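Participant: coords please:
(chains A, B, C and D)
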There are 2 protein chains.
Amino acid sequence: MFEKKTYICNIFYYSMISGKFAITIHILTLLTKFPNDYLSSEFIAGSINLNPVLVRKEIANLKAHQIVESKEGKNGGTKLAVNAVNLSLKEIFEMTFESINLGYAKNQPNPECPVGKKINQNLAGLYADMNKQLSVQLEGISLEDFSNQF
Amino acid sequence: MFEKKTYICNIFYYSMISGKFAITIHILTLLTKFPNDYLSSEFIAGSINLNPVLVRKEIANLKAHQIVESKEGKNGGTKLAVNAVNLSLKEIFEMTFESINLGYAKNQPNPECPVGKKINQNLAGLYADMNKQLSVQLEGISLEDFSNQF
DNA sequence: CAAAACTGTAACATTTTTTATTACTAATTA
DNA sequence: TAATTAGTAATAAAAAATGTTACAGTTTTG
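Facilitator: Numbering: from 1, shown residues only, chains lettered A, B, ... in the order given. Below you'll find the predicted structure:
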């Protein structure tokens, strides 16, 4: 246990989940449905209802992970470079998020308080455990499985 | 399978996780460490390094769930209203987030596209499965367990 | 070869969400 | 009665997420 006393402090930050996973899986589902076509960013954007530039940005990420290949120029577009059977949601998850977490203390918590001093470390440990479990679960679902729901 | 054709559409949105869980568990950990004291929002804010008004807002949420009780006026503050042994991280999670999710298509996806039409529904199913598993995991960790790490 | 249809990106604008602040009322204690 | 504290609303500021415009570079097709 420790003493109760008054503390005062200041600033710093992290960030959180966005819509990348949803966008990416939407793109990949479309590509899975048309495995032989190069789909244009505009076509994909039309299904997601999103600006084509944002679609291209997510595609750039997929390319970097060698999940898709794309062709420039007229009749260009993007297609899967892997078999949907062999790509799990875990991998998609990891490509778009680093991990699940429920947030950290963002303003540097008080280092003179035993709780403030260790809170982020302990949260990190908790989140690591959560991610471990989640990974196992997502590993069991392939892109193919997900796509077959449509 | 379905046809490849061009789509165009428009707007709508959701939201996502923030730092509520981290703040709330920080508050609860402090309250667990001082089970017999009424801690002021300013004291708590000093440990988290957060504006006291925001602390009071999270406390309002905890009060609504009858996890803490508070006393107004001089020497007032907040203390636990339950035993930390009997409060699981699952309950804290549910009080601060509704659930984990990795985002939805926010702009109304194209209802004429088979993928656009069902994407949010299928994502919701996936997220529900993820939450189910996560809940079991978090249910096994009590506030007491978490607090004992400090 | 020229026009059209794409990708790839950068730069910037806009919107939305999150976080912080100020201010004030009401309650309680000393 | 003065001091301290919760409760809360209103507003401001900051940060993050999205969206837009613009344009260079590729590839195909006529």
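
Participant: what sits against the nearest residue to residue A:133 once chain neighbours are set aside?
Facilitator: Counting by CB to CB, 6 or more residues apart in numbering or on different chains, residue A:133 lies nearest to residue B:137, which is 5.6 Å off, once chain neighbours are set aside. To be clear about C-beta, it is placed using only N, CA and C from the backbone, and glycine gets the same treatment. Going by CB atoms under 8 Å, 6 or more residues apart in numbering or on different chains, residue B:137 touches A:129, A:130, A:133.

Participant: residue B:137 belongs to a helix, doesn't it?
Facilitator: Yes - using DSSP: H, G, I helix; E, B strand; the rest coil, the assignment for residue B:137 is a helix.

Participant: how about residue A:90, what does it touch?
Facilitator: Residue A:90 touches A:135, A:138, A:139, counting by CB under 8 Å, 6+ apart.

Participant: before we move on, the earlier item: tell me the pLDDT at the residue nearest to residue A:133?
Facilitator: Residue B:137 is assigned 97 on the pLDDT scale.

Participant: and the helix or strand encompassing residue A:59, how far from the chain's centre?
Facilitator: Taking DSSP states H and E as the definition, residue A:59 sits inside helix A:52-64. Taking CA atoms, centre = their mean, to the nearest Å, one finds the center of helix A:52-64 at 13 Å from the center of the full chain.

Participant: ok, and does it reach over to chain B?
Facilitator: No - against chain B, helix A:52-64 shows no contacts by CB under 8 Å from any CB of the partner chain, the least distance being 10.2 Å.

Participant: ok, and does the helix or strand that that helix is followed by reach over to chain B?
Facilitator: Next in sequence after helix A:52-64, counting helices and strands by DSSP H and E, comes strand A:68-71. No - shown here: strand A:68-71 not in contact with chain B (CB under 8 Å from any CB), separated by at least 16.0 Å.

Participant: alpha carbons only: can I get strand A:68-71 in CSV?
Facilitator: Extracted as CSV, the C-alpha positions of strand A:68-71 are listed here (Å, rounded to 0.1, in the frame of the first residue of the first chain):
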residue,chain,number,x,y,z
VAL,A,68,-2.8,-8.3,-53.6
GLU,A,69,-1.1,-7.2,-56.9
SER,A,70,-2.2,-4.3,-59.0
LYS,A,71,-1.8,-3.2,-62.6
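
Participant: and the contacts of the helix or strand just after it?
Facilitator: Next along the chain after strand A:68-71, taking DSSP H and E as the criterion, comes strand A:77-80. For strand A:77-80, the external contacting residues (CB under 8 Å, 6+ apart) are A:27-28, A:31-32, A:34-41, A:43-44, A:59, A:62, A:67-71.

Participant: filter those down to just the buried residues.
Facilitator: A:27-28, A:31-32, A:34, A:38-41, A:43-44, A:59, A:62, A:67-68, A:70 (16 or more other CB atoms under 10 Å in any protein chain shown).

Participant: between the residues you listed, which is nearest residue A:52?
Facilitator: residue A:41 (4.3 Å; CB to CB).

Participant: what's the burial count for residue A:29?
Facilitator: Using other CB atoms under 10 Å in any protein chain shown, residue A:29 has 23 other residues around it.

Participant: for chain A, which residues are neighbours of DNA strand C?
Facilitator: Neighbours of DNA strand C within chain A, by CB under 7 Å from any atom of the strand: A:11, A:39-42, A:52-53, A:56-57, A:59-60, A:63, A:70-78, A:103, A:106-107.

Participant: selecting buried members of these in ChimeraX, what would you type?
Facilitator: Applying 16+ other CB under 10 Å to these leaves a buried subset, and the ChimeraX line that selects it is:
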select /A:39,40,41,52,56,59,70,77,78,103,106,107
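
Participant: filter the residues of chain A next to DNA strand C by proximity to DNA strand D?
Facilitator: Among these, DNA strand D is touched by A:11, A:53, A:71, A:72, A:73, A:74, A:75, A:76 when using CB under 7 Å from any atom of the strand.
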